[in-house]
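Chemist: with the input below, show me the fold.
(chains A and B)
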Amino acid sequence: GAVVSQHPSRVICKSGTSVKIECRSLDFQATTMFWYRQFPKQSLMLMATSNEGSKATYEQGVEKDKFLINHASLTLSTLTVTSAHPEDSSFYICSAGGGLAGTNTGELFFGEGSRLTVL
Amino acid sequence: AQSVTQPDIHITVSEGASLELRCNYSYGATPYLFWYVQSPGQGLQLLLKYFSGDTLVQGIKGFEAEFKRSQSSFNLRKPSVHWSDAAEYFCAVGADSVIKAAGNKLTFGGGTRVLVKP
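Modeler: A predicted model of the protein is given here:
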């Protein structure tokens, strides 16, 4: 299957700093990427939908100024947690779906996840 | 809006025994249904999916799932569990129109954690 890579897999930062997480589709072009947040022993909560070349669509309750999403190319989306605080500590997972016309299989491909710890 | 319920939070099975994980969905039209597996600290891997056609779907690692429209269910089964099947399993539903528009927005269930006893 298609490969989606996230980097970094783990990051520890001090409160008040910003952290950027990258999500790359390695062998296909993703018109749409999704960012999820997962708390320990809980399900995935969709944060936002990232569309290449346009602004991200945020889910209700997600602060768009705190979680900046950029999808500058068909293979890369980034999530920046700005002015991070301990309550932002979580497991962040990206997924990619929707290839170019005729290639959309309806399947989402997930990255390995990035664990953020804010001290 | 669609929703997914996985009634069982934890299931413990003995190695070699059969496994069934329940999934119930709520959606007004024909849903696209998925089962994903997540190992600790990892992303999600697709086990199988149902779009249309045969309601019994075969997936990877010996898993299968059956779509029952009358019961709004998509239960996952495996005849004989291996220790490596210990993981978290998520059922997800997507809206047909969203997927065809290249936006695969899925709604996930709460997950079922499977523990395998030797």
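
Chemist: for A:Gln60, give me its contacts.
Modeler: In this structure, A:Gln60 makes contact with no residue, judged by CB atoms under 8 Å, 6 or more residues apart in numbering or on different chains. Just so you know, the C-beta spots here come from the backbone N, C-alpha and C atoms, and that holds for glycine as well.

Chemist: tell me the secondary structure at it.
Modeler: What DSSP: H, G, I helix; E, B strand; the rest coil gives for A:Gln60 is coil.

Chemist: try A:Ala48
Modeler: Three-state call for A:Ala48 (three-state DSSP): strand.

Chemist: now do A:Glu22
Modeler: Using three-state DSSP, the structure places A:Glu22 in strand.

Chemist: surely it and A:Thr78 touch.
Modeler: Yes. Contact status for A:Glu22 versus A:Thr78: in contact at 5.3 Å, counting by CB atoms under 8 Å.

Chemist: which residue sits closest to residue 62, ignoring its sequence neighbours?
Modeler: Unless you meant another one, I'm taking chain A. Nearest in space to A:Val62, with sequence neighbours left out and distances taken as CB to CB, 6 or more residues apart in numbering or on different chains, is A:Met47 at 4.9 Å.

Chemist: ah, I was thinking of chain B
Modeler: B:Lys78 (5.5 Å).

Chemist: any idea how far chain B is from A:Glu52?
Modeler: The gap separating A:Glu52 from chain B is 10 Å, by CB to the nearest CB, to the nearest Å.

Chemist: got it, and A:Ser114?
Modeler: The spacing between A:Ser114 and chain B, counted by CB to the nearest CB, is 10 Å.

Chemist: what about that residue, distance to A:Glu59?
Modeler: In this structure, A:Ser114 and A:Glu59 are 19 Å apart, going by CB to CB, to the nearest Å.

Chemist: more crowded one of these two?
Modeler: Under the neighbour definition other CB atoms under 10 Å in any protein chain shown, A:Ser114 and A:Glu59 were set side by side, and A:Ser114 has more, 24 against 16.

Chemist: I figured that one hits A:Ile12, correct?
Modeler: No. Shown here, A:Ser114 and A:Ile12 do not form a contact pair, counting by CB under 8 Å, at 11.5 Å.

Chemist: which parts of chain B are strands?
Modeler: For chain B, strands defined by DSSP state E occupy the ranges B:3-5, B:10-14, B:19-21, B:24-26, B:31-38, B:44-50, B:56-58, B:64-68, B:73-78, B:87-95, B:106-108, B:112-117.

Chemist: mean pLDDT lowest where, among those strands?
Modeler: When the strands of chain B are compared by mean pLDDT, strand B:106-108 comes last with a mean of 86.

Chemist: give me the contacts around stretch B:8-24.
Modeler: Outside stretch B:8-24, the residues within contact range by CB under 8 Å, 6+ apart are B:4-7, B:33, B:35, B:65, B:71-83, B:85, B:89, B:91, B:109-118.

Chemist: only whichever of those residues are buried, select them in PyMOL.
Modeler: For selection in PyMOL, the members of the contacts of stretch B:8-24 meeting the burial criterion (16 or more other CB atoms under 10 Å in any protein chain shown) are listed in this command:
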select buried, chain B and resi 4+6+33+35+65+73+74+75+76+78+81+85+89+91+109+110+111+112+114+116
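
Chemist: before we move on, the earlier item: these two touch, right, the residue nearest to B:Gly62 and B:Asp85?
Modeler: Yes. The criterion here is CB under 8 Å, and B:Lys78 meets it with B:Asp85 at 6.8 Å.

Chemist: between those two, what contacts are shared?
Modeler: Common neighbours of B:Lys78 and B:Asp85, counting by CB under 8 Å, 6+ apart, are B:Leu19, B:Lys61.

Chemist: I'm done for today, thanks for sticking with me.
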